[in-house]
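Engineer: Kindly generate the corresponding structure for this input.
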Amino acid sequence: MKRNIAALTFELSVSGNTIQLLPSGSFRAQDGRPTDCKAWQLDAAIAQNLIALAAARKTPLVIDYEHQTLRAATNGQPAPASGWFKTLTYRDGAGLFATDVEWTEPARQMIANKEYRFISAVFTYDKQGRIREILHAALTNTPALDGMDEVTMAALSSLAGLSESPTLTGGTAVDEELLERLRWMLNMPITATAEEVIAELSQLRGIGKWTAEMLLIFSMGRQDVLSWDDLAIHRGLRMVYHHRKITKPLFQKYKRRFAPYGSVASLYLWEVSVGALPDLKDYAPLTEAEKRKRLKQRQELKKAEKQQS
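Structural biologist: Numbers count the residues shown, from 1 in each chain. Okay, the predicted model is just below:
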């Protein structure tokens, strides 16, 4: 069954260790979501499934601050939990509540001081809008997701930083937690594959195909990625195979030759392009500036030889 992921920010109501996560009935967010169904749906039958799923978890669900776990990669700040919960209950006409919240002392104090006013529950839903699972929650002061672009970029930075060096082993070792975050950020189905997420990311302003391909190599361990848009790859190919220019048909020829290990070839070509093999040179035609520089060097050399003689 196709499921989507969303976050709904709800005014924080604290009574002891109980918080309301979602309202009952049909409801929508202040920013107009959902866009792929008429409204989100929560009733007693749907709630019973949510309650059972939460109870079956081995670990409690986390509540953080402002979804900081998504922003940590870019702002360098820690991502502490503000609380935890595991037990859900449904109150007819009111909604879904977490009844065993264990607040940290700092979070409890901030809520008491009204430094935080809203709770943002993250959940999955089906194409009819029925809530299917609660994933986590966050204390927030943002009633609507105004910072979606910032959060998306934070998730991307986190994705790019998962590994300092590529692990090109199986090509399927995707960080599922981060993939889940990206599906949510992009409002994609929970069944969306890593490739579908990357394709969607490449449509965002400031994120092109090259960025997405680098994520495939360095974070998702894809073995067969050779980027046409990477100038260092072009330079490496020219140096190794003595070409003056890498045309698209020629590039496709090498891409087929390197398959299914295009990513491994990329690593070697990058090294070659920065001088790993000193005896290799770039056969690309000289630019006008380079030609003038070469001419000046020859003239200075001849002048020096003439003076010595």
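
Engineer: Please count neighbours and contacts with C-alpha atoms only from this point.
Structural biologist: Noted.

Engineer: How far away from the center of its chain is stretch 249-256?
Structural biologist: Relative to its parent chain, stretch 249-256 has a centroid offset of 30 Å by C-alpha atoms, centre = their mean, to the nearest Å.

Engineer: Identify all contacting residues around that stretch.
Structural biologist: 226, 228, 262 (C-alpha atoms under 8 Å, 6 or more residues apart in numbering).

Engineer: residue contacts, the second one?
Structural biologist: In other words, residue 228. Per C-alpha under 8 Å, 6+ apart, neighbours of residue 228: 234, 248, 251.

Engineer: Next: the last one.
Structural biologist: Neighbour list for residue 262: 223-226, 255 [criterion: C-alpha under 8 Å, 6+ apart].

Engineer: Any idea which of those the model trusts least?
Structural biologist: Minimum pLDDT for the contacts of residue 262 is recorded at residue 223 (87).

Engineer: Tell me the secondary structure at that residue.
Structural biologist: Residue 223 carries the three-state label coil when classified by DSSP: H, G, I helix; E, B strand; the rest coil.

Engineer: wait, doesn't it sit right on residue 266?
Structural biologist: No - using C-alpha atoms under 8 Å, residue 223 is not in contact with residue 266, being 9.9 Å away.

Engineer: Can you pull out the low-pLDDT segments for this structure?
Structural biologist: 1-16, 30-31, 69-76, 142-178, 181, 185-186, 204-207, 219-220, 309 (pLDDT under 70).

Engineer: Would you map out the domains in it?
Structural biologist: 3-143, 151-218, 223-309 (automatic domain parsing).

Engineer: Just give me the neighbour total for residue 240.
Structural biologist: 16 (other C-alpha atoms under 10 Å).

Engineer: On the three-state scheme, it is what?
Structural biologist: With three-state DSSP as the basis, residue 240 sits in helix.

Engineer: and it, what is it in contact with?
Structural biologist: Residue 240 sits next to 272, 280 when contact means C-alpha under 8 Å, 6+ apart.

Engineer: separation between it and residue 202?
Structural biologist: The gap separating residue 240 from residue 202 is 30 Å, by C-alpha to C-alpha, to the nearest Å.

Engineer: ok, now residue 28?
Structural biologist: Residue 28 is 28 Å from residue 202, by C-alpha to C-alpha.

Engineer: Just name the closest of the contacts of residue 262 to residue 88, please.
Structural biologist: The nearest member of the contacts of residue 262 to residue 88, counting by C-alpha to C-alpha, is residue 223 at 42.8 Å.
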